[in-house]
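Asker: Attaching a predicted model along with its sequence, questions to come.
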Amino acid sequence: MSALDDIVAAKNAARAAARARRDTARAGDADRAGEAAANARLLELLSSHRGTPMSGYVAIRSELSPLAAMTDWVRNAPVCLPVVTGRARRLVFRRWSPGCAMETGVYGTQVPADRTPCNPAVLIVPLLAFDRAGGRLGYGGGYYDRTLAALRDAGQILAVGFAYAAQESSDLLPRDKTDATLDAIVTETATLVPSGPDKALAPVPLRP
């Protein structure tokens, strides 16, 4: 087995464990309160970016939903949703607003029917697992990795992972050279941003 095969196997095992943790977190009695707290933390973190275009996502399966933050954000700035256009291609973005017409995209995801493009400066990223080094484990398609690489080459982009605290991996996640790191991670219990010379993600409190 090659080193790449080892990484793939490790990622698949980590995905299975992370999916189970996320499903458990989603099923908890405090889920609704947790989702509200996470959205409040997200808006707090992004307060200095008000007025810039944001990309959110429509939650699937047991993902934590950023809908409340998106609905708040669209009052002052464009909000868009990611769209998969084909295998091994980067995401494109379409303008979104509450109640807008939606259609079913690739993998059954809901995307805006209006194809008006949008160029986000803030990217809210779903995930299966994360670690304190900013590592992210997605579903394996590499769409966000390719997209973040392209957006970072083109200019500034703030990538924020959005997840339940239970999705944190106690160990560093398996990574290869194509895996993009996150600039921050927001959960229902913490906001994690780079801190210290090693650039590990550390919690910061909400302002009173």
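Answerer: Great, that's in hand.
Asker: for the top helix by length along the chain, packing partners?
Answerer: For the chain, the helix with the greatest residue count under DSSP state H is helix 3-27. On a contact count with 3 or more C-beta pairs under 8 Å, 6 or more residues apart in numbering; DSSP states H and E, helix 3-27 meets strand 129-130, strand 136-137. Using the backbone N, CA and C atoms, a C-beta is placed for each residue, glycine as well.
Asker: The last one: how far from the chain's middle?
Answerer: Distance, stretch centre to chain centre, for strand 136-137: 9 Å (C-alpha atoms, centre = their mean, to the nearest Å).
Asker: Pull out the buried residues from the longest helix of the chain.
Answerer: By neighbour count with 16 or more other C-beta atoms under 10 Å, helix 3-27 contains the buried residues 11, 14-15, 18-19, 21-22, 25-26.
Asker: Would you mind giving those as JSON lines with pLDDT and distance to Ala69 added?
Answerer: Formatted as JSON lines, the buried residues of helix 3-27 follow (pLDDT from 0 to 100; distance: C-beta to C-beta, whole Å):
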{"residue": "Lys11", "pLDDT": "89", "distance to Ala69": "28"}
{"residue": "Ala14", "pLDDT": "82", "distance to Ala69": "27"}
{"residue": "Arg15", "pLDDT": "84", "distance to Ala69": "26"}
{"residue": "Ala18", "pLDDT": "81", "distance to Ala69": "22"}
{"residue": "Arg19", "pLDDT": "84", "distance to Ala69": "23"}
{"residue": "Arg21", "pLDDT": "85", "distance to Ala69": "23"}
{"residue": "Arg22", "pLDDT": "84", "distance to Ala69": "19"}
{"residue": "Ala25", "pLDDT": "79", "distance to Ala69": "18"}
{"residue": "Arg26", "pLDDT": "76", "distance to Ala69": "18"}
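Asker: And the furthest pair within the residues you listed?
Answerer: Farthest-apart pair in those is Lys11 and Arg26; separation 21.6 Å (C-beta to C-beta).
Asker: Which residues are in contact with the residue lying closest to Arg89 once chain neighbours are set aside?
Answerer: Nearest non-adjacent residue to Arg89, counting by C-beta to C-beta, 6 or more residues apart in numbering: Arg146, 7.2 Å away. Applying C-beta atoms under 8 Å, 6 or more residues apart in numbering to Arg146 gives the contacts 88-91, 178.
Asker: from the residues you listed, which two are the most distant?
Answerer: Spanning the widest gap among the contacts of Arg146 are Leu91 and Thr178, at 15.0 Å by C-beta to C-beta.
Asker: Now Leu81. Its backbone dihedrals?
Answerer: phi -120, psi 150 (degrees, to the nearest 10).
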